[in-house]
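K.L.:
only geometry, no sequence info:
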């Protein structure tokens, strides 16, 4: 029996490309992306995040507290099988290598009125368990927004867009009384200011009153993820400080893994199955840093999960708790009958 009735690359895919400095159409994503996260691999440059809900010319940076900026030449079009880059050096410097991580939601979406705050747009895909939510804050602790997924999200990422703020990252693996900053190395913080010490429900995300999530004059974007067996997993594990580190079972062969040491101040790290595409040489990116690709490898991606292969505190500090989010390249059992294999 298949874990999922769809192929993971119908809803998430990594696309590598080389910049040209001129209009540069990228195909082969496999769908029209609604959230694109891209990074220059060759040199120091910001991580740029664009989505269909805020609009194609609006970008945010995971390594920065900056508010939303407008760049009409970063991405100029979403296509049915990818996207087109403009002349901006941010995403298309001639000869530089780039990675883009692409998710499918549900276009721009529409207002969701389930919560005490009516969202401007909620773009929810109940098949893949992803929702993109644009809303304006009301400053009230305990305010709620509707996510449209039908099941409770396990991971919620929020960024204020109209001014400087931190990226707030909450995960059910640690409880929504805690959170991390995606743009920073800090260990997790325990404070009700972000999620009001309340886990999301099957319809609502609860907000605290902090400026980072719910200022009465603030505008916000929220990326929410529900777990889908065979496609996505959001969890935690405890490091052992050894080069033979923990194995983490996900139930699929990972295409994308994001990890952070929640117990200590360390970098986030991100690996995917395309850079370079084989174990022992899986290049790193750090969402809180503007650095080029790090050629070090922290994890091996296996047919049913991933295993840490370094003693680095970034992913395997002895006795430290690590949180992760992972998306599948292939489930253990797929609807096409092809079994997952290791890399």
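P.N.:
Perfect, thanks for sending it. Since the model is a prediction, treat every value here as computed from it, not as a measurement.

K.L.:
who are the neighbours in contact with residue 148?
P.N.:
Contacts here follow CB atoms under 8 Å, 6 or more residues apart in numbering; on that basis residue 148 touches 109, 112, 114, 122, 124, 126, 131, 203. Every C-beta, even on glycine, is put in place using the N, C-alpha and C of the backbone.

K.L.:
try 7 Å
P.N.:
Counting by CB atoms under 7 Å, 6 or more residues apart in numbering, residue 148 makes contact with 112, 122, 124, 131.

K.L.:
check which helix or strand covers it.
P.N.:
Here residue 148, judged by DSSP states H and E, is contained in no helix and no strand.

K.L.:
Relative to residue 112, how far out is it?
P.N.:
To residue 112, residue 148 is 6 Å away according to CB to CB, to the nearest Å.

K.L.:
Same check on residue 323?
P.N.:
From residue 323 to residue 112 the distance is 27 Å (CB to CB).

K.L.:
Could you do residue 10 as well?
P.N.:
On the measure of CB to CB, residue 10 and residue 112 end up 24 Å apart.

K.L.:
number of nearby residues for residue 67?
P.N.:
16 (other CB atoms under 10 Å).

K.L.:
secondary structure class for it?
P.N.:
Following DSSP: H, G, I helix; E, B strand; the rest coil, residue 67 is assigned to coil.

K.L.:
nearest spatial neighbour of it, skipping sequence neighbours?
P.N.:
With sequence-adjacent residues excluded and distances taken as CB to CB, 6 or more residues apart in numbering, residue 67 is closest to residue 163, at 4.8 Å.

K.L.:
What of residue 182?
P.N.:
Using CB to CB, 6+ apart, the nearest residue to residue 182 is residue 167, at 3.6 Å.

K.L.:
Mark which of the contacts of residue 148 are part of strands, please.
P.N.:
Secondary structure assignment (DSSP state E) places 122, 124, 131 from the contacts of residue 148 within strands.

K.L.:
What's opposite the second one in the beta bridge?
P.N.:
Meaning residue 124. Beta bridges link residue 124 to residue 131, judged by DSSP bridges.

K.L.:
wait, it sits on residue 146?
P.N.:
No. Look at residue 124 against residue 146 with CB atoms under 7 Å: they stay out of range, at 8.8 Å.

K.L.:
Please identify the buried residues of stretch 77-88?
P.N.:
Residues of stretch 77-88 classed as buried: 78, 82, 83, 84, 85, 86, 87, 88 (neighbour count, 16 or more other CB atoms under 10 Å).

K.L.:
okay, those in JSON lines with pLDDT, secondary structure and distance to residue 94 next?
P.N.:
Listed next are those as JSON lines, based on pLDDT from 0 to 100; DSSP: H, G, I helix; E, B strand; the rest coil; distance: CB to CB, whole Å:
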{"residue": "78", "pLDDT": "97", "secondary structure": "strand", "distance to residue 94": "23"}
{"residue": "82", "pLDDT": "98", "secondary structure": "strand", "distance to residue 94": "19"}
{"residue": "83", "pLDDT": "98", "secondary structure": "strand", "distance to residue 94": "18"}
{"residue": "84", "pLDDT": "98", "secondary structure": "strand", "distance to residue 94": "16"}
{"residue": "85", "pLDDT": "98", "secondary structure": "strand", "distance to residue 94": "11"}
{"residue": "86", "pLDDT": "98", "secondary structure": "coil", "distance to residue 94": "13"}
{"residue": "87", "pLDDT": "98", "secondary structure": "coil", "distance to residue 94": "10"}
{"residue": "88", "pLDDT": "96", "secondary structure": "coil", "distance to residue 94": "12"}
